[in-house]
Every structure is written in C-alpha cells, then in structure tokens.
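Undergrad: give me a 3D structure for the following:
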Amino acid sequence: MMERLMHWRGVFCLGLAVLFARAETGEEFFEKKIRPVLAEKCYGCHGASLKSPSGGLRVDTAAALRKGGDSGPAVVPGDPARSLLMEAIRYTSLRIKMPPSGKLSPGQIADFEQWVRMGAPAPGAGQQAPPAGRQGIDWEQARKFWAFQPVRAPAVPAVRDASWVRTPVDAFVLARLEERQLKPAPPADRRNWIRRVTFDLIGLPPTPDEVAAYLADNSPEADGRVVDRLLSSPHYGERWARHWLDLMRFAETNGHEFDNDKLDAWRYRDYVIRAFNQDVPYNQFVREHIAGDMLPGKRLSPDGASWESPLGTGMFWLWEVLNSATDSVKSRADTVDNQLDVLGKAFLGLTVACARCHDHKFDPIPTADYYSLAGIMHSTGIREAVIDSPRRAAEIASLHQRIADLNEQIRALLPQSPSTQAPPVELRPGDILFEDFEDLGYAGWTATGEAFGGAPSHRIAPNQPLNNYRGEGIANSFGGTDRLVGSLTSKTFRMPALWVHVRMAGTKPPQTSPQNQLLRLTVVADGYKSAHIVPSGKPGFEWRSARMTKEIGRQCYFEIVDRGRQGHIVIDRIVISNNEKPPAELPAEAGPPRLEDLASSLPAATRTRIAALKRRRARLEEQIPESAFGMISRDDSPRDVRLHIRGNHQNLGEEEPRRFLRIIAGENQPPISHGSGRLELASWMAGEQNPLTARVMVNRIWKHHFGRGIVRTVDNFGRMGEAPSHPELLDWLASQFIQGGWSVKRMHRLMTLSSANRMSSRETPEAAKVDPGNVLLHHMPVRRLEAEEIRDSILAVSGRLNRKMFGPGVMPHISRYQEGRGKPISGPLDGDARRAIYINVRRNFLTPMFLAFDYPLPVSTIGNRGVSTVPSQALMMMNNEFVAAEARAWALDLLRSEPDPSRRIGRLYEAAFARPPEDWETRETLAFVRKQSLKLASKRDAAVAAWSGLCHVLMNSAEFIYVQ
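TA: Predicted coordinates for the structure are as follows:
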C-alpha cells in the first residue's frame, strides 16, 4: 500500500510541472501557486538528490515531469477531465488519493485545475528528459566488475611441483591447490581416461579395439593421438552440437496447444553439427547466428550445394509459440523477450531479460538498453527461403532454360489460340488490392529458388493445366515443369482488414497439417505462421479466402511457397477486404486443360515431333537436383520501439534507439541508420573488444570437461552469478581462444591433454575437508552420463547403432500412455537405431526416458543440466521396452559370434566398461547365467533369455551410466 501511495504521490507531482507552453503569465502562476506545493509535498521523494525516485518519477525539471513515471503522464495539458492528477487530488477514486498525508484545500485544488487548463506551463520547457528507468549508473564504476574488464593474458604462475605441469592449464590449477596446501589426485588409469575423454568428445563409449590400440601405444604422443582421432570423428560434432542445442532451446515443434511442426528446424541442427566438425571459428559462428543471411563472404555447405551461414539465424525462431494469443502485441513482446533471454545468456552470460520491466537490479543493464535490443528483434522477420548455392542455382537455371526452350519449340508446333485481354480487377468499397502481379518485376517481393522466376509470368507453358487464363500477370511456380521449387516473400505491412482473398490455381497438395503444406500462401503475423491458403486442385483460377481474426492490426507479410517438386501454385491477385465474400469471378470461357491437348488434331508427323520434344523435356526434368529450404531471418521494416513502462505494452515511454548494451559498447555508439541492426549487433557481439563472448564460451567448454565451470553459473556472469574459482585461468583461456583464431577444437586439446584432466576421481579426507565442493579441482568429479549418452551407449554396445548423419529427424516412439493434442504418429521403438540427436524433438511429446535423466525442457537457455538421482531412473532402465530389446540384441550377437561363455563375459565387460572383468566377476556372472538358464529351461530360447538378462543387468549398473 505504501508503494502504491508513493507511486500516486509521484503521479500527483508529475502533473504539477508538465510544460507544453511557455507563456509568461503561466510561469508566474506556476511559481506562485504550484511550485510551493511541489516543494512541500513532493521533493522529499522525487527530488534531484535521490538516486532512485519513487515511482520512477523526478520532479526537479520540467522535462522530467513532462516525460512521466511508471504509469505514464498524469496530466493531459488543457484537459483536467482526462488528467489522472485531478482524479488523485480530488480523492474521487478509491485507489488514488494524493497526497497521501491529506487532501489539499479546495483553493489549492482549484489552482491545479486552472493550471492544467492553461496547458500546465512551467519553466525549462526546452530541456531534454533524462532516460527512463534507474538513473545514476556509474558506467566507469560498473566496468570495474570482473566480467566487464577487458580480457588480458596473465602470466602463467610458477608452482612448486613443476613436474605435474603438462600444459599451462595445469600451472593455474596447481597454483590454487598449493595455496591451500593441497595436492592433486593421482592420475586415472589409462582405461578410465580413454573412456572419459571419448564420452566427453563424442558422447559414445570407446570400442574394445580403440581401447586396445591406445593401451598398446606407449609413446608420449599416445594421448594426443586419441584426442586428435576423436576431434576428427564426425561424431564429435553430434556430441557438442547437443550441448549447443541446450542453449538455443532447440525443438522441432511449436509446443503449447497444437504442437505444430517447425519446418526445417532439423537444418539448423545439422548446421550446428557441421560447424563443430569443421571447427568454424567461434566468432564467425556467433556472427552467423545473428546475421548469417547478411554477412559478406557467407560460407557454403561442405558439398557446395547450399548456403550454410544463413541457417544460423534459425536460432531466433526456435521459441515456443502461443497458439491463438488473445493479446497479439503482448505475445510478440513475449517472443522478443525469449529471443533476448537466449541471446544474452548463451553468448554473453548475462540475464538481459531481467531488464524488461525495470532496470536490472544487479547488473548495469538499464531498461532502455533492453528495448534498444528489442528494437533489433522487432525489426527482424523470418522467411522460408531456398538456400541453393550460386553453383547449384546456376545448374537449375540452366536446366530450366533448356526446358523453356523445348516448350517454345512445342508451342510453335501447336495451333495458335486467340489471345484475350484480362479485364481490370473490379474493387468494391472495403477492398484493398494488395498485389496483382502486373508489374514487370516482383517489386516489394523477395524471390528465392527458380520456381517463380525473376518476374511475374504473362503467359503459361503449353503443358500447364490452366483453362481460364487470359494473359494476366501471375506468380507462377510451374515454369514448364513441376520439379522447380521456390518462395516469394512480400514486404511487411499492418493487416488492415478482416479477410484475405486470393485468386489462385494449382495442384492440390498432399493431405498434411496446414503449416506443412508443400504448396501454399501463408500469412505470417509477428513471426508466426498463422494462416495458410492452398490450391484446391481444380483446373482453373478460383478465389480462396482466410479470416484474419487474430492477424488484424498486426505486422504481417505473405509467403508464397512451392516445396513440392510434384505440383505448382499460381497466384493472380491478393485482395484484403472487410467483405467476407471475395470479388466476383471474372467471366471466362473454359478452354482445354492445357495447350498441348490441342495436338490431337495435328498431322501425325507434327505429333511425332512434339512427342520427341516432350521426351527430351522429361529427361531434363529428371536431371533437376533438389533444392534446400531453410527457415532463416530477414530484415523486416526497421523500427525503434518505445520503452514499455514496467514491462506493460499498454503503457509506453519514449522510443529507444537500436543499439548494443552500453556497458560493453559504450554510451556514444553510432546510430543504426538502416536495416534491422543485426549486422551491427553481430559485430558488437563477436568483436574482440567484447569481454564476455570468449570468456563465456571457454567456460562452457571447461564445464563439459571438468564437471563445473570456472564460473559455476555458466549462463550468468553478472553479480548474482558466482565469481570465477580460477579468474586468471579463465582469462588465460579466453586470451588463448582469441589468439588461436577462436578455435574450439584447440581449446579441447588444451584441456583434455592436461594433467588436471588426467586426475582420478579419488578424493582424500584431507582434501575433502579443505575443498569440500571440489571448487579448486583437487580431483576429477564422477560424471553421470546425460540422457542421450545413455541411450546411444545402449545402442553402441548392442552393436545396432545406426551412424547415419544428418537429415530430417526420426519421429519419437509414442507409448500408449502419452496423450494430448498434436499427438504425432509414433516412430519406431529404437528410433531407427540412430543417435539421440536425430530423434525429433516435440515439445509436447518429449521422450520419457530422456526426461527421467534430466533432459532439459526446450524453453530457454540451459547451460547446466540438472543431475538427479531418483527411483524413476532405475525403474526406467529395468522396465523400458527399448532397453530390454537392446539387451536381447546384444545377447543374440554374443551368442552368434562367441561360443565360449567366459570370453563372452570378457567381451561384455570390455564393451560396457572399457575394462576386462575381475576373476570374481567372471565367476559370479557365469553362476548368474547358469542359474537363469535353469530357471528358464522350459523356454525354447532359454539361453537367449539368460544372456539377455545378464546384458540387461550390466546396462542397469552404475558403472555403465557413470564416468570416473
């Protein structure tokens, strides 16, 4: 209550000095009648001496009063009836009574009313209002915090036990241990180390042959050879891409009510895998995520067939989508908030989103900076685009031209039909002609792919079925063949009316969910594909319509997409209207389905010639390679956004210019004069002058090798995060990262080949007492495998792991207990035996086994997965059908390939634990198998069942799912 009273006291004071006119008599009136009340009632809580004035209001300058506070302006100059000030001082509202100490006298209230009617004049009208939010950030002082200090390469410390130092990493670790009179744990045995480093780098267990080869190599380079082999493995990218996908809240569906698919999300996943395998410099990787579609010198895919860099921008569009939002403006603001949350945590280790409603309570991130970044996101859209490389595009264009030439030869042999002129469109009141494609080019549209060509068509190919075409300009994806694909994306506009009517024709697409239609016109509203209009498959043009109930008033654009290679779409006109019915269809006589059908009346020789040309055309069509589509960012209509006071999109403050965080880029940044600002953001984010980007990434790499980050709060380097345990080591690694060309693989080598990484997991009581949390790293922690590693290990030891890489994901297996809207068709129990990263991530139907082992919900950045130990994990491993099936497959393989029971057990242990069994383990295991065989003797496959049980037991052991 006191906060509310102070807030409205601020509202009261705000109105007393709002200035919109500078009349001499008005200023005198203010000085005599109003300022004395201000001084008496308001300055104590809202004066210039206060660092954080109550309610966000300052009343010491006219500009500050004019700007307003948390509830916006309290005075409407010249209109007392609409001024909250008058409501407050009259005490006519139960919720607003100002000043709280007692009602003003009737004479004072009359003075305020007169002052408002005069236009609320006060001295100082020409002054600029101070920025919104908390004032008085001392930027120089704020930059003294360790995370905002420039990255500097410290000297490698001298240590007493220099023999332990294999890499400079060890010197930093040992120096901290020696400060506390601690010694590092002894080295792990070689079997444990290769198992540890193999899981860390590729997420799979080492094979018995790999372990044997390493044990046989006694050279000093043996460890380095193992690490180099693992870093060159294609499975390295799969493992480390999964870490990255946790940061990007990767999923392939929208979640919420319907859990619709996110088209081409798998291409982003594959992009990340390839980037890690190719060791793309991390600063380049960051730039590609923010502005990969705009960068000069964009990267190509390894096969040279498509653009690679633009796929990085798909990370912006992986958010969870709210279906049928009742407040579209708030929904868009929530989306931007999620984008900024991921951007801040993943790349900067900062909780930027905490500044949405107020200045960050702990870090130097004012609300104004949040909305400066929000402006960049609001100026960025999404598009479904063909990403063919220039080489692939030229190949397709050449084939298309040869097909077009053949069609012209066919046209010349056909009877000439009389030409007709398409009459102009007849618009009604309430109709807006958005597009009729009568221009010579696609003005206002962006075309990708070859299907729609470089301009609208004004005649059709002789083999196109369209029986009421009369020469009008059309966006036509046929192009003489159905095997071309492409897209057209319109400019952005605010949806002005309730209906979209499209005069269209084309092939009826296969039955599938609307957003997955291969041929469609889509309305994209605030980044969400909200309405889809598809052809009916009839042989001529017809009007197709969609109601814009949710889209009206929102920022929208149209996408016309042909992804089919087995059909086409034709758009003649797009009309936006308040009329529910489309414009009247233009009269036309129906002609033949296609011009080539007229050939039946031609002489036999001509028909033979046409048939030969059509065969040549068919051969060329078969040569057209597939194009790649990607969901990538696009520059939308650039705009700055107004600050949302207290995060309320209905209570707007001043416009904030698009720029980067001032704590990093400074207070005097050059303005963003054109475009969304993503290019500038990419430069700021990945620049060497940014003290956070390199630190945050090397800390993440360290975390995945040593169990915890040097900064344990890997997603928060701010004041509420933990300070680094080894600050000099963190800066040394960051400086090495930058100097080494931002190579992630180089960082792996530095860390995995250190003595620190070779330590065992054994802990002495003395060390546990001095360093109970192992913060100083006196031993290597025991690590439980993550959910995906457990599943992939089960497939690996059973011998059934399918190592196929890339491509659309496999649908998850859906049990009979999983229900809900958007329930997909179940995939196979074993996911086609592919690695877990290729299992389709459906937000509403996540794999139960993964969830049992702390798989993160794909909602926001998760740099530290939870690690729980709960009964459901043991129950999952004991009762899960997949685990049981793979245990049986493992047993069958052993029974077929190894006749000797003792050797079978040896092979089991080598595969599962990277070690041979102890003698007692062999004895106990053989006894278990014999006992089980006797129990199951009545069964036809008793031996298989007994050995399956043994395999199942080993999969359930702690040693199988933990790494020492």
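Undergrad: give me the spatial nearest neighbour of His813, chain neighbours excluded.
TA: Leu829 (4.9 Å; C-beta to C-beta, 6 or more residues apart in numbering). C-betas here are computed from N, CA, C, even on glycine.
Undergrad: and for Val929?
TA: That would be Ala946: by C-beta to C-beta, 6+ apart, it lies 5.1 Å from Val929.
Undergrad: quick one: that neighbour and Ala927 touch, right?
TA: No - look at Ala946 against Ala927 with C-beta atoms under 8 Å: they stay out of range, at 11.5 Å.
Undergrad: neighbour count winner among these two?
TA: Ala946 (22 against 10; other C-beta atoms under 10 Å).
Undergrad: secondary structure class for the more buried one?
TA: Three-state call for Ala946 (DSSP: H, G, I helix; E, B strand; the rest coil): helix.
Undergrad: now find how far off-centre the strand or helix carrying Glu910 is within its chain.
TA: In the assignment (DSSP states H and E), Glu910 maps to helix 901-913. Centroid separation for helix 901-913 versus its chain: 43 Å, with C-alpha atoms, centre = their mean, to the nearest Å.
Undergrad: now for the helix or strand following that helix, which elements pack on it?
TA: Downstream of helix 901-913, the next assigned helix or strand under DSSP H and E is helix 919-935. Judged by 3 or more C-beta pairs under 8 Å, 6 or more residues apart in numbering; DSSP states H and E, helix 919-935 is in contact with helix 901-913, helix 942-955.
Undergrad: now the angle from helix 919-935 to helix 942-955?
TA: 140 degrees (axes from the mean of the first three to the mean of the last three C-alpha atoms, to 10 degrees).
Undergrad: look up phi and psi at the residue in the chain sticking out farthest from the centre.
TA: Farthest-out residue of the chain from its mean C-alpha position, per C-alpha atoms, centre = their mean: Pro603, at 61.3 Å. With angles defined as degrees, to the nearest 10, Pro603 sits at phi -60, psi 160.
Undergrad: which of the three states applies to the spatially most central residue of the chain?
TA: The chain has Met315 as the residue nearest its centroid, 2.8 Å off, counting by C-alpha atoms, centre = their mean. Here Met315 is helix, with the state taken from three-state DSSP.
Undergrad: skipping its backbone neighbours, what lies nearest it in space?
TA: In space, Met315 is closest to Met248, 4.8 Å off (C-beta to C-beta, 6+ apart).
Undergrad: ok, that neighbour - contacts?
TA: Contact analysis of Met248 by C-beta atoms under 8 Å, 6 or more residues apart in numbering lists Tyr268, Met315, Leu318, Val342, Ala346, Thr861.
Undergrad: just the residues you listed now: which is nearest Ala885?
TA: Within the contacts of Met248, the smallest distance to Ala885 is 31.1 Å, found for Tyr268 (C-beta to C-beta).
Undergrad: confirm that the closest one sits in a helix.
TA: Yes - under three-state DSSP, Tyr268 falls within a helix.
Undergrad: state the distance from the residue nearest to Met315 to Gly312.
TA: Taking C-beta to C-beta, to the nearest Å as the measure, Met248 falls 10 Å from Gly312.
Undergrad: surely Ser530 is in a strand?
TA: Yes - Ser530 forms part of a strand when assessed by three-state DSSP.
Undergrad: what about Gly866, how many residues nearby?
TA: Look at Gly866: counted by other C-beta under 10 Å, it has 9 neighbours.
Undergrad: pLDDT score assigned to it?
TA: Listed pLDDT for Gly866 reads 93.
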